[in-house]
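Give me the fold of what follows.
(2 chains)
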Amino acid sequence: MGPVEVTHLHMSVFSQSFSPCGRFLAAGNNYGEIAVFSLSSALSPDATDLSQTPILTFTAHEGPVFSLFSTDSHLLSAGNGEISAWSWAELIKRNTKAAWTRRPNYKSSLEIPEINAMTVNPTENSLVIGGGDNNIHIMDLESGIFKSVLQGHTDYIHCLSVREREGEILSGGEDGAVRIWDHRTGQSVHCIEVYKYEECARPQYGKWISCLTTESDWMLCGGGPSLSLWHLRSMSPTSIFPLSGCQRQANFYQDMILSVGEGQCVSHCLLGGEVKAQIPCTPHSLNTLALNLNSTDNRVLTVGGSSHQIDVFTNLSYRTFSLSF
Amino acid sequence: MGAVTDDEVIRKRLLIDGDGAGDDRRINVLLKSFTKWCNSTGSPEEGFTQYQRMLGTLAQCEFSMGKTLLVYDMNLREMENYEKIYTDIEQNITSAHDKISECKKEIQRAKRIRKNRQEYDALAKVIQQHPDRHETLKQLEALDKELQQLSHIKENVEDKLELRKKQFHVLLSTIQELQQTLESKPDSPLNS
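Residues are numbered from 1 along each chain as shown, chains lettered A, B, ... in the order given. Predicted structure coming up:
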């Protein structure tokens, strides 16, 4: 077994992001590498095995790339406590020079906390970063200055979400709390401790929240506790999804909820709480799910996890093919 | 170029069933026999039979010409028919495309409606868990009434208490005054 196969055995894909034009997919793994795949050639009728391999692979950080986010022109990657920006136009031309690299002000200089989640607040054009130092840092994308720090979590932050209309940032962490912050004042407006609600709690798994997503008045959160749908105006859980295993990422899609986590499948659930379908995929445990809504031609769903293969679904009902790192 | 078209022409003439070559030959033979008949010196019966034969071949030529004209007409009409079918099918294709996009829009709308219904259902489930508003209002009203009654009673009791206090005060003050008047007049008619 050559060295490449050995690294492939131990590879986990942690993050994915589609390019703004919708024709490329970037994926980050636990070795700190980012691979860029060309979706248009992989989906074209005359695709070969070669088109399912990356057009570009490069080492972006020293630590695992836990989070990737695409803005209109750049790919932002987080690894080893720092954020690097890569211009998509340059990446397509196979030029791997970072546009900029910045590091939030961490209090302790001994340990470098990892960055677990990144998202952009479009109204303020700021980048919201959550990571291992239990704080949320907000960085202005134009100037690169770290504007503020939201403190309140007592353990590291797993996931972030932004509600643009209300101007709120939601964060879920290892301490089991989902905190809602007002981005202007920087104060925690609400704190929901999901594990305290009997119907959601699963004490055998713990209290940590690893996936969080919002859409208008609704929020999905899960992790240790079961994946549950919350109505944010009344702060009450409306549906609990009977999925075994801890969910790591969930998305709203049309009238369904797509969720991935422990377990070799993508779960399709209805808002009422029933699991409509579970579609099998290659990785044994999934970490990330991404939907390409930027383009009309390449509307695919891709999932990645504890495998060097990324499954691509053109029709949500079955796996079409796999991209290989 | 010239050689190709010549080949094409020859091939076409050979392919269009041999009758074409037959017809040509027939016309030539007719012409030759006509000239021979005009210059013939034989008997009138022979001339007559030859004349009949020529009429026969002429009729044959006319017949085959009629046939080819009919076939040509038929081909033209077939062409028109095919053109019509072609345009029909094209129209059907475009209308099917339109229907497909309409149906896709319908699906999106239906999905949105379904999603709204499910959100409504989820909220309704939560709301059902809370007690009915009317009942709670009634309970509140009853409690209000009780409160009012009790405060009424309290007022009454307090008033009574005040009244009794005042009465006792009056009684005690008159007793004190009497005591004082008795003490201040020691040698009154009562002591003798």
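
Following the longest helix along chain B in sequence, what is the next regular element?
As assigned by DSSP state H, the longest helix anywhere in chain B is helix B:44-129. Once helix B:44-129 ends, the next helix or strand along the chain (criterion: DSSP states H and E) is helix B:133-184.

model confidence over that next one, on average?
Computed over helix B:133-184, the mean pLDDT rounds to 95.

With chain A in mind, check whether that helix reaches it.
No: for helix B:133-184, no contact with chain A is found by CB under 8 Å from any CB of the partner chain; the gap never falls below 15.0 Å. Quick note: C-beta positions are derived from backbone N, CA and C, even for glycine.

pretty sure residue A:306 is touching residue A:10, no?
No: using CB atoms under 8 Å, residue A:306 is not in contact with residue A:10, being 9.2 Å away.

quick one: which of those two has more around it?
More crowded of residue A:306 and residue A:10, by other CB atoms under 10 Å in any protein chain shown: residue A:306, with 18 against 11.

mind listing what the more buried one touches?
Contact analysis of residue A:306 by CB atoms under 8 Å, 6 or more residues apart in numbering or on different chains lists A:12, A:283-287.

okay if I get the residues you listed as a markdown table plus secondary structure, neighbour count and distance to residue B:102?
Output for the contacts of residue A:306, formatted as a markdown table (DSSP: H, G, I helix; E, B strand; the rest coil; neighbours: other CB atoms under 10 Å in any protein chain shown; distance: CB to CB, whole Å):
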| residue | secondary structure | neighbour count | distance to residue B:102 |
| --- | --- | --- | --- |
| A:12 | coil | 18 | 45 |
| A:283 | coil | 22 | 39 |
| A:284 | coil | 11 | 43 |
| A:285 | strand | 16 | 42 |
| A:286 | strand | 28 | 36 |
| A:287 | strand | 24 | 40 |
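
follow-up on the earlier one: the longest helix of chain B to helix B:133-184, inter-axis angle?
Per axes from the mean of the first three to the mean of the last three CA atoms, to 10 degrees, the angle that helix B:44-129 makes with helix B:133-184 is 20 degrees.

just checking, what packs against helix B:44-129?
If contacts are counted by 3 or more CB pairs under 8 Å, 6 or more residues apart in numbering or on different chains; DSSP states H and E, helix B:44-129 sits against strand A:228-231, strand A:236-240, helix B:19-38.

now for the ones you listed, which one comes closest to residue B:177?
Residue B:177 lies closest to strand A:236-240 among those, at 73.8 Å (CB to CB).

Worst mean pLDDT among the helices and strands packed on helix B:44-129?
Among the helices and strands packed on helix B:44-129, helix B:19-38 has the lowest mean pLDDT, at a mean of 81.

Enumerate the positions of stretch A:115-125 that are buried.
With burial defined by 16 or more other CB atoms under 10 Å in any protein chain shown, the residues of stretch A:115-125 counted as buried are A:115-121, A:124.

possible to save the residues you listed as CSV with distance to residue B:58?
As requested, these are exported to CSV (distance: CB to CB, whole Å):
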residue, distance to residue B:58
A:115, 103
A:116, 103
A:117, 100
A:118, 98
A:119, 97
A:120, 95
A:121, 99
A:124, 101
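
among those residues, which two are most distant?
A:116 and A:124 (21.2 Å).

So which bits of chain A are right by chain B?
Residues of chain A lying near chain B (CB under 8 Å from any CB): A:218, A:229, A:231, A:234, A:236-239, A:254-255, A:270-273.

Turn these into TSV, columns for neighbour count.
Below are these laid out as TSV (neighbours: other CB atoms under 10 Å in any protein chain shown):
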residue	neighbour count
A:218	21
A:229	24
A:231	17
A:234	13
A:236	17
A:237	22
A:238	22
A:239	26
A:254	13
A:255	18
A:270	18
A:271	24
A:272	16
A:273	19
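
Quick one: these as JSON lines, columns for distance to residue B:124 too.
Listed next are the residues of chain A next to chain B as JSON lines, based on distance: CB to CB, whole Å:
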{"residue": "A:218", "distance to residue B:124": "14"}
{"residue": "A:229", "distance to residue B:124": "14"}
{"residue": "A:231", "distance to residue B:124": "11"}
{"residue": "A:234", "distance to residue B:124": "12"}
{"residue": "A:236", "distance to residue B:124": "12"}
{"residue": "A:237", "distance to residue B:124": "14"}
{"residue": "A:238", "distance to residue B:124": "9"}
{"residue": "A:239", "distance to residue B:124": "12"}
{"residue": "A:254", "distance to residue B:124": "21"}
{"residue": "A:255", "distance to residue B:124": "17"}
{"residue": "A:270", "distance to residue B:124": "15"}
{"residue": "A:271", "distance to residue B:124": "12"}
{"residue": "A:272", "distance to residue B:124": "11"}
{"residue": "A:273", "distance to residue B:124": "13"}
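
between these, which is nearest residue A:19?
Residue A:19 lies nearest to residue A:254 out of the residues of chain A next to chain B, by CB to CB, at 22.7 Å.

Confirm for me that that closest one is in contact with residue B:115.
Yes: contact status for residue A:254 versus residue B:115: in contact at 6.9 Å, counting by CB under 8 Å.

shared neighbours of those two, which are they?
Listed contacts common to residue A:254 and residue B:115 are nil; contacts here mean CB under 8 Å, 6+ apart.
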